[in-house]
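Engineer: sequence plus the predicted model coming up.
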Amino acid sequence: MTNILIADDEKEIIKLLRIYLEKDGVTVFEAYDGEMAYLILKNYPIDLAIVDINMPWMNGYELIQKVRTTMDIPIMVISAKVELSDRVLGLDLGADDYITKPFEPLEVAAKVKARLRRMSPDPLRDEVPFTTVGDLTLNVSECRLDRNGEAVELTKVEFLVLKMFMESPGRVFTKEQVYENGWGSENAVDDNTIRVIISRLRDKIGEDKITTIRGLGYRLEKNG
């Protein structure tokens, strides 16, 4: 049985998402503030959390930050905060996806299913243990990146996107392929979220290593 937590102080949103998610046979846990959500996460085997930002007692940002110190579960943000800086903050704190309100419940349900599919079986199983491109070495089994021998911290989505690039340096990947590899779905592709991830990867591995191919997508340079 799959357990999903929905944390939002708007009960109508929880009710709406519950209708769509329970069709797929999952069990939905409800929380109406951040503290209630954290207690559920600590005491129940939750497989994925959907979290609003504007919640009382503990907001979504604080909840994500607290969860990431002890737990490694997928976290999807749904929020009325639409500014790029809000997306960046959510992803930087450890969210795996950021969906703005108003949203299509079918889109959220599709993203949840895609994320759960990526969790089982393990997409990293039976992979080549190391991938090296230029001064970058990706340790697949340990989900670790080294640049010139120094460790570089990556989020799970950053790791999956960089892994895709490093396995085929020089190849152009469309935004749909980037989204499918990073978030497990090519549906409802979010351009802003992709740009945030690409920007963060450039900051970590070098601005000149990932090239934007206008109208096509992105490419990791072979000798960048």
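Structural biologist: Right, received. Where do you want to start?
Engineer: so who does the residue most central in space within the chain touch?
Structural biologist: Nearest residue to the geometric centre of the chain (CA atoms, centre = their mean): Asp96, 2.0 Å. By CB atoms under 8 Å, 6 or more residues apart in numbering, the residues touching Asp96 are Pro74, Ile75, Met76, Arg115, Thr155, Lys156, Val157, Trp183. Every C-beta, even on glycine, is put in place using the N, C-alpha and C of the backbone.
Engineer: you'd agree the first one is up against Lys113?
Structural biologist: The reference is to Pro74. No. Counting by CB atoms under 8 Å, Lys113 is not a contact partner of Pro74; they are 11.7 Å apart.
Engineer: so those two - more neighbours on which side?
Structural biologist: Pro74 (23 against 16; other CB atoms under 10 Å).
Engineer: find me the pLDDT at that one, would you?
Structural biologist: Per-residue pLDDT puts Pro74 at 86.
Engineer: what distance separates the start and the end of stretch 57-76?
Structural biologist: 20 Å (CA to CA, to the nearest Å).
Engineer: correction: stretch 171-190
Structural biologist: Termini of stretch 171-190 sit 21 Å apart (CA to CA).
Engineer: average pLDDT for it?
Structural biologist: 76.
Engineer: return the residues in contact with the residue lying closest to Asp96 once chain neighbours are set aside.
Structural biologist: The shortest distance from Asp96 to any non-neighbouring residue, by CB to CB, 6 or more residues apart in numbering, is to Pro74 (4.8 Å). The contact partners of Pro74, by CB under 8 Å, 6+ apart, come to Asp47, Leu48, Ala49, Asp96, Asp97, Arg115, Met119.
Engineer: before we move on, what about Val51?
Structural biologist: Counted by CB under 8 Å, 6+ apart, Val51 has contacts Leu5, Ala7, Asp8, Ala37, Gly60, Leu63, Ile64, Ile75, Met76, Val77, Ile78, Ala95.
Engineer: looking at those, which are in helices?
Structural biologist: Counted as lying in helices by DSSP state H, out of the contacts of Val51, are Ala37, Gly60, Leu63, Ile64.
Engineer: quick one: the helices in this structure?
Structural biologist: Going by DSSP H, the chain shows helices at 11-22, 34-43, 60-68, 84-93, 105-119, 156-167, 175-183, 191-205.
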